[in-house]
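>>> let me see the structure of the following:
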Amino acid sequence: MRSRRIAAPLLAASVVATLVPALAPATASAAENPLAQYLRQKPRWHRCDRDTPATFQCADIKVPLDYGRPNGKKIGLAISRIRTSAAGQRRGVLLLNPGGPGGEGLSMPLWMESELPKSVQKHYDLVGFDPRGVGQSSPVSCGLTGAEQNWLRPYKAGTFTKDVKWARTVAEKCRAKTGDKLRHITTRNTARDMDVIRAVLGEKKISYLGYSYGTYLGAVYTQMFPARADRFVLDSAVDPQRVWRGMIQVWAEGTEPAFTRWTKWTAQRAAQYKVGDTPDQVRKTFWDLVAQADRKPIDFNGERLTGDDIRAGRAMFFSVRDAARMVVELKKAAAGGHPAATREPRSASRPTTPSFGTSFGRSVPSDNGDASFWSVVCADSGSWPRDPEQYRRDAIRDKARYPLYGDFASSIKPCAFWKNGTEPATKVNNKVGVLMLQNEWDPQTPLPSGIGMHRALKGSRMVMVAGGEGHGVYGSKSCADKTVDAYLTTGRLPARDVTCQATAGRERNGLTLPLPTPSGIPGTPGRF
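Got it, this is the predicted structure:
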């Protein structure tokens, strides 16, 4: 049950959200609108960095930490832009988000400028931003050590007590270092920040391109500000009904059919890979490697891989060719040979923090990616179980259901000990017209996740790339690109959902932009 003490701030926040005007009036006063001081800001644009083009500009604006108390504490928000060179064809701004939570978006205009066709770029200023708590936007930190940032923790009866202690420690360190600020690092508040950006830029509406977690952020914006959403593209979508524990569990659920597909594909190429002549033999080869590594870690290019480390690389199975090559190399290493060193797996016991983009000017705490990830994932939803024993039961159940990753997904997380955010999670359920994109074999937001978002957004149309592998579609030169180009330039959604076929002989269609996602090799921490 939610505390009655937060009822008044919740009410105030919801009222303030409805007060943001379509354009920031030059003469608005604080008495007329408590957000006027933010809406009438004039960004001081400057070159982002001496090593970036002069056309790539950055600025800082202020937003309230708590929209329920707009005259209270302010935080900084870093924004960026590359303006269209065809002013006569300009429609407005295309706001960009790379995913996360915890993904830095300030450098997105630079990356997307090289990926978007000129026909699209003529219509929009490309605008990026670091979401609140991330990168250059008042970054949060919990002071986490490298070991504390490792959340790839499979369930084991002998280590569960230690894992519960880890989860509690992360939550307590975040609360001690960041305090009440954590409760306001939420998707709803980031959506409100987006609307301030819209007003500050003088736009009646914004268009938007969001990847992964950015799809949920975009969907929340359409729910909160439906009249201000112009052309929205949601690429590789989160299921809003499963935010957020359910989305981590989706990784386990989606991996099993990908693994089955891989066994069949590899068996059909037995002469090439020599892993097994039938799907059952291929499956046995893999699980025998896991069992061997559990008995004695396999030396793989200097890393000592346990069976859990191998299972932690579940994302590789969404690319059948990558997985086949990796298992061949693991098999070679297990036999005492020397595997090819072209793709070195990372152990689950030695996590790495993914790079979310380029930071400009100010230093960013080394644990900012993890701190901001947990801030949003834990504060967005009050549905996380509080009893550690519930996680134990779920992990045991899901390891049986989904052997590759079920216990990783369902075991204890810091959210079990996190204070609730300021508001309930947003119920996404509207008819705003948006275009959705989805690869059939996406490791981070599997197809059922995209279908869940499609169902919630009743005005949406989906382009599904049959046979498409990887996370992120638009910009990967896939068969979906022409549909997106047409929508962004004309505003016309397809009359019905579209299924197109991945390029023959080129199964992998994942985006090559620096999205905060794993590369599909063992042990790399995941993000949405």
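>>> so Thr191 sits against Tyr221, correct?
Let me fix one detail, which is that residue 191 is Ala and not Thr. Yes. Applying Cβ atoms under 8 Å, one finds Ala191 in contact with Tyr221, separated by 4.4 Å. For the C-beta atoms, the positions are set from N, CA and C on the backbone; glycine is no exception.
>>> neighbour count winner among these two?
Tyr221 (28 against 22; other Cβ atoms under 10 Å).
>>> identify the residues contacting the more buried one.
191, 194-195, 208, 228-229 (Cβ atoms under 8 Å, 6 or more residues apart in numbering).
>>> can you verify my assumption that Leu488 contacts Val120?
Yes. Counting by Cβ under 8 Å, Leu488 touches Val120, with 4.9 Å between them.
>>> give me the more crowded residue out of those two.
Set side by side, Leu488 and Val120 show more neighbours around Leu488, with 24 against 21, by other Cβ under 10 Å.
>>> surely that one forms part of a helix?
Yes. Assessed with DSSP: H, G, I helix; E, B strand; the rest coil, Leu488 lies in a helix.
>>> tell me the confidence at it?
Reading off the confidence values, Leu488 has pLDDT 98.
>>> circling back: need the residues touching each of Leu488 and Val120.
Shared contacts of Leu488 and Val120, defined by Cβ under 8 Å, 6+ apart, are found at Leu94.
>>> how about the residue lying closest to Gly246 once chain neighbours are set aside, what does it touch?
Closest residue to Gly246 apart from its sequence neighbours, by Cβ to Cβ, 6 or more residues apart in numbering: Asp239 at 7.2 Å. Residues near Asp239 by Cβ under 8 Å, 6+ apart: 246-247, 250, 445, 448-453, 456.
>>> show the pLDDT at Asp239.
98.
>>> same check on Ser460?
98.
>>> same check, this time on Ser383
pLDDT, Ser383: 87.
>>> list the residues that contact it.
For Ser383, the contacting residues are 245, 425, by Cβ under 8 Å, 6+ apart.
>>> the same query, at a cut-off of 10 Å, please.
Neighbouring residues of Ser383 by Cβ atoms under 10 Å, 6 or more residues apart in numbering: 242-246, 415, 420, 424-425.
>>> now do Val63
35, 38, 41, 70, 74-77, 132, 137-138, 189-190, 192-197, 200.
>>> 7 Å instead?
38, 74-75, 77, 132, 193, 196 (Cβ atoms under 7 Å, 6 or more residues apart in numbering).
>>> closest one of these to Asp299?
Arg132 (43.8 Å; Cβ to Cβ).
>>> my guess is the closest one meets Leu77, correct?
Yes. Counting by Cβ atoms under 7 Å, Arg132 touches Leu77, with 6.5 Å between them.
>>> quickly list what's touching both of those two.
63, 193.
>>> which strands and helices sit next to the biggest helix by length in the chain?
Longest helix of the chain, by residue count under DSSP state H: helix 245-267. Counting contacts by 3 or more Cβ pairs under 7 Å, 6 or more residues apart in numbering; DSSP states H and E, helix 245-267 is packed against helix 279-295, helix 320-334, helix 406-410, helix 447-456.
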